[in-house]
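Participant: pasting the structure only:
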């Protein structure tokens with residue numbers, strides 16, 4: 001893993017004001033940055049392309065759809081990566097911390113790493129009360145039912161490519177992150193969390209920023225947890 005080939009997948013829906021910042025701050029150790037425009041109607045695609053990213057289009061709205069589009073693109077390449085990093089396009093994470101995120105995979109042979117948005121490193125109001133409660137509830141239930149040690153459902157995450165394929169990801173919308181964590185537990189992947197800084201995003205969140213998004217995300221997350229609890 002010392003000479004790792006790393007690719008980043010960034011789902012993006014109308015992130016024209018932030019996407020170039022995200023791309024420019026990603027460390028040079030990354031071999032390809034893939035921005036998946038999830039039915040964007042602004043200049044997200046052109047701004048991402050101008051910043052040096054590979055740009056794909058996924059017209060079916062849904063975070064999982066966008067992630068799967070990126071994975072399908074990689075699957076058709078001859079030179080497969082060792083590590084896949086998922087990162088949001090809203091500039092709430094610090095892309096330069098990617099080197100810290102992949103360190104446990106490269107140096108300790110860990111399968112899966114979550115960037116944990118710990119309170120002491122979060123900017124004030126960068127996470128809504130419903131996000132904080134949802135994270136607490138989901139990770140508490142995963143600990144109760146599966147003995148998991150996750151503290152966050154943070155979207156900034158890295159995973160070995162072969163392990164990602166073995167998970168057979170399927171969620172198309174809001175349940176993508178928790179599905180990955182549940183399947184990682186079920187398949188006994190080694191995992192860890194790395195504390196990450198977190199700031200107020202550019203623009204309004206399409207999930208936690210709306211009542212509909214918050215409710216749908218909550219239903220999806222709890223649905224996946226209870227589904228796996230009774231398997």
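Facilitator: Sure, I can see it. On a predicted model such as this, the values are computed, not experimentally measured, just so you know.

Participant: Low-confidence regions, this protein specifically.
Facilitator: Applying pLDDT under 70 to the chain picks out residues 1-3, 205-218, 229-231.

Participant: mind redoing it with 50?
Facilitator: 208-209 (pLDDT under 50).

Participant: The spatially most central residue of the chain - nearest residue in space that isn't next to it in sequence?
Facilitator: In the chain, the centroid-proximal residue (CA atoms, centre = their mean) is residue 155; its distance is 3.0 Å. The spatially closest residue to residue 155, leaving aside those adjacent along the chain, is residue 88, at 5.0 Å (CB to CB, 6 or more residues apart in numbering). For the C-beta atoms, the positions are set from N, CA and C on the backbone; glycine is no exception.

Participant: likewise residue 61?
Facilitator: Leaving aside its sequence neighbours, residue 61 sits nearest to residue 39 (CB to CB, 6+ apart; 5.0 Å).

Participant: you'd agree the one you found is up against residue 12?
Facilitator: No: under the criterion of CB atoms under 8 Å, residue 39 is not in contact with residue 12, lying 10.2 Å apart.

Participant: So for those two, which residue has more residues nearby?
Facilitator: residue 12 (27 against 15; other CB atoms under 10 Å).

Participant: Is it correct that residue 9 falls within a strand?
Facilitator: Yes: counting by DSSP: H, G, I helix; E, B strand; the rest coil, residue 9 is part of a strand.

Participant: what's the spacing between the nearest residue to it once chain neighbours are set aside and residue 38?
Facilitator: In this structure, residue 9 finds its nearest non-sequential neighbour in residue 70, 3.6 Å apart by CB to CB, 6+ apart. As for residue 70, its distance to residue 38 is 11 Å (criterion: CB to CB, to the nearest Å).

Participant: quick one, strands of this protein?
Facilitator: Per DSSP state E, the chain carries strands over the ranges 6-12, 32-37, 54-57, 83-86, 112-116, 157-160, 191-195.
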